[in-house]
Every structure is written in structure tokens, then in C-alpha cells.
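S.K.: Just the structure for this:
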Amino acid sequence: MIVCAGRNETFNFAQPIGVGLIESAINLTRVCLFDKPDFLLFIGSAGSYGRFNIFDIVESKRASNLELSFLREDSYTPLENVLESENKFARNDTIVNSSNYISTNFELTKEYNNYGIGIENMEFYSVVQVAKEFEIPVAGIFIVTNYTNEDAHEDFLDNHKEAMRRLTNYLIERKIIK
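M.R.: Numbers count the residues shown, from 1 in each chain. So this is what the prediction gives:
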């Protein structure tokens, strides 16, 4: 099953599950309880911490939930903050970081690269966590729409339409969709 965030990021071949960590976790759990899929593929946009360029496509099976305060050693968590799916679908080992906030401090966020974290997407951590709970293989395919800097939102808006077109073409080329 292919899933996406929703709102302005929808596809006619993917089921929207909600924006952010909470909406996506609730709605994907509901899907899994009533019609458990054999496999989950999350698709969507992402911000780059500097390692990837605009319109790069990144595949991943690893997600983290590390807030900016972690980078400054201002917080800790007792939770498992990096998750990985056991599948061979994704071609890249980049970790996708998730938060309910979009990062805009590029000098700080580029430090995520030191931990193998290359991009951020608001939903992927909760998608991986729900998939693990239901023992469903999961992967994500993301297209970079912006860097995590002060222009993140404007760049996202400027690049979003073209990014969704390119992501759809990529899925067609990989024969994931028709």
C-alpha cells in the first residue's frame, strides 16, 4: 500500500494519512487495524540538511525523531529515537528525521549529517513506528523540495508542484506505479 501525508501533498495512487507525527500515526494505525497491508510505501517531500540537493530523490527504510535541542545537548529521551525496517526495498541508508516542526536553522541542522541523517519529513518516523508495531515492511521515497534554512517554506511552495511531478515519474520509472 502506498501512503502519503495529505492536504496539499496527495496523489491519486496513494492514501493520505495526515500531516505530522500525530495525525499520521492515528490514521495509519486505523488503516492497519481494519485492513492490514502487506507492505507500506510512504512517499512525499523532504527538506535537506545539506547533503542532498533540490529535486534529489532519496529512498530510506530508517527514521529518527531527534529534535534540534538534541544537537545542542539540551534534551534527552528514554524512547528509541532511530527506527529501521527490515526490508530490501529502499536503496539508500539515509536516515529521515521527523518532527512536527520544519527546521529553519541551516547552521544547526547540517549537524544532523554527522549522525547519518540527511533529510527531514514530518511523518516518516511515525509511519515506521506503526509499521513495526504491526510487523509490516516499510520504506519511504522522498523528493527534496527545500533546504532547512530560513527560506524553507517559500522554497517548498516554489518547488512543490514540480517535485510531485518528478516523484510520480520516478515511481513510474521504477515500476512502482503505472
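S.K.: Please, where are all the strands along this protein?
M.R.: With DSSP state E as the definition, the chain shows strands at residue ranges 2-4, 15-16, 40-48, 57-60, 62-64, 82-84, 95-97, 117-120, 138-147.
S.K.: Tabulate those strands in CSV, adding columns for mean pLDDT and mean neighbour count.
M.R.: Using the backbone N, CA and C atoms, a C-beta is placed for each residue, glycine as well. What follows is the strands of the chain, written out as CSV (pLDDT from 0 to 100; neighbours: other Cβ atoms under 10 Å):
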stretch, mean pLDDT, mean neighbour count
strand 2-4, 98, 22
strand 15-16, 98, 16
strand 40-48, 98, 26
strand 57-60, 96, 21
strand 62-64, 96, 24
strand 82-84, 88, 18
strand 95-97, 97, 27
strand 117-120, 97, 25
strand 138-147, 97, 25
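S.K.: Neighbouring strands - and their directions - for the lowest-mean-pLDDT helix or strand in the chain?
M.R.: In the chain, the helix or strand scored least confidently by mean pLDDT, DSSP states H and E is strand 82-84, which has a mean of 88. Neighbouring strands of strand 82-84 in its sheet, by DSSP bridges, are strand 62-64 (antiparallel).
S.K.: what comes into contact with the partner strand?
M.R.: 81-85, 93-98, 115, 117, 124-125, 127-129, 140 (Cβ atoms under 8 Å, 6 or more residues apart in numbering).
S.K.: quick revisit: quick one: the strands of the chain as a markdown table, columns for distance to residue 165 too.
M.R.: Formatted as a markdown table, the strands of the chain follow (distance: least, Cβ to Cβ, whole Å):
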| stretch | distance to residue 165 |
| --- | --- |
| strand 2-4 | 14 |
| strand 15-16 | 18 |
| strand 40-48 | 12 |
| strand 57-60 | 12 |
| strand 62-64 | 25 |
| strand 82-84 | 30 |
| strand 95-97 | 21 |
| strand 117-120 | 19 |
| strand 138-147 | 10 |
